[in-house]
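**Student:** I'll drop the sequence and a predicted model, then ask my questions.
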Amino acid sequence: MDKLLRKYPFRPGDSLGIRRYIENTRQAPGEKATYFKEAAATNIDPVIEYGLVSMLPGLDDRHMLLLVTGLDGQASQMASEFLSQPARLERVVSRLRAVAPAHAGPWYFQFVLRAEVREQLATRADIVALGVLSQQESPGQVFRSMQYRGNPG
């Protein structure tokens with residue numbers, strides 16, 4: 001997934017393979033440049049984790065591609081569950097319309113979710129960064145430009 005998202009504003013990264021994060025290359029006011037998992041300060045504080053949701057042009061340029069990932073298993077699960085709740089999807093659409101009120105056509109976007117995790121269970125999720133994308137470069141173009149090993153089948 002890292003190679004697929006490398007040209008988009010929000011993308012997974014790692015610190016020399018040690019610590020995963022989400023990089024934000026187009027910071028809006030109030031947004032961070034990187035989102036790292038944050039350890040709990042005390043036993044009663046939650047761990048803060050982040051998930052990334054990307055709705056992109058599809059591989060064949062006619063379909064859409066929804067990518068859901070997180071910094072670890074709990075964050076990925078939290079992001080998937082976030083998308084399954086109609087009230088939360090309405091919040092996403094409201095935020096998209098606020099960012100791009102004149103938008104027409106399919107929505108291509110990315111957003112970062114912040115989750116509070118207690119005892120390995122995400123208890124709250126909020127959108128902390130969101131961006132509307134143009135249909136600039138599709139994942140199909142990214143895949144076609146990648147080097148494949150083995151049987152090209």
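**Tutor:** Alright, I've got the coordinates.

**Student:** in this structure, which spans are strands?
**Tutor:** Remark: strands assigned in the chain by DSSP state E are 10-14, 20-24, 34-36, 47-57, 64-70, 108-118, 121-133.

**Student:** mean neighbour count and distance to Arg95 added to those strands, as CSV?
**Tutor:** C-beta here means a position set from N, CA and C on the backbone, and glycine is covered the same way. Shown next, in CSV, are those (neighbours: other Cβ atoms under 10 Å; distance: least, Cβ to Cβ, whole Å):
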stretch, mean neighbour count, distance to Arg95
strand 10-14, 18, 14
strand 20-24, 20, 15
strand 34-36, 18, 17
strand 47-57, 23, 12
strand 64-70, 17, 17
strand 108-118, 21, 8
strand 121-133, 17, 5
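
**Student:** of all those, which one comes closest to Ser94?
**Tutor:** Within the strands of the chain, the stretch nearest Ser94 is strand 121-133; the backing value is 10.1 Å (Cβ to Cβ).

**Student:** now Met1: how far from Thr34?
**Tutor:** When distance is defined by Cβ to Cβ, to the nearest Å, Met1 is 17 Å away from Thr34.

**Student:** ok, back up a step: what's the closest of the strands of the chain to Ala102?
**Tutor:** strand 121-133 (10.8 Å).

**Student:** quick check, central residue of this structure?
**Tutor:** Residue closest to the mean C-alpha point of the chain, counted by Cα atoms, centre = their mean, is Leu52 at 1.9 Å.

**Student:** quickly list what it is bridged to.
**Tutor:** Beta-bridge partners recorded for Leu52 (DSSP bridges): Thr69, Val112.

**Student:** repeat that for Val132.
**Tutor:** Partner residues in beta bridges with Val132: Phe109, with DSSP bridges as the criterion.
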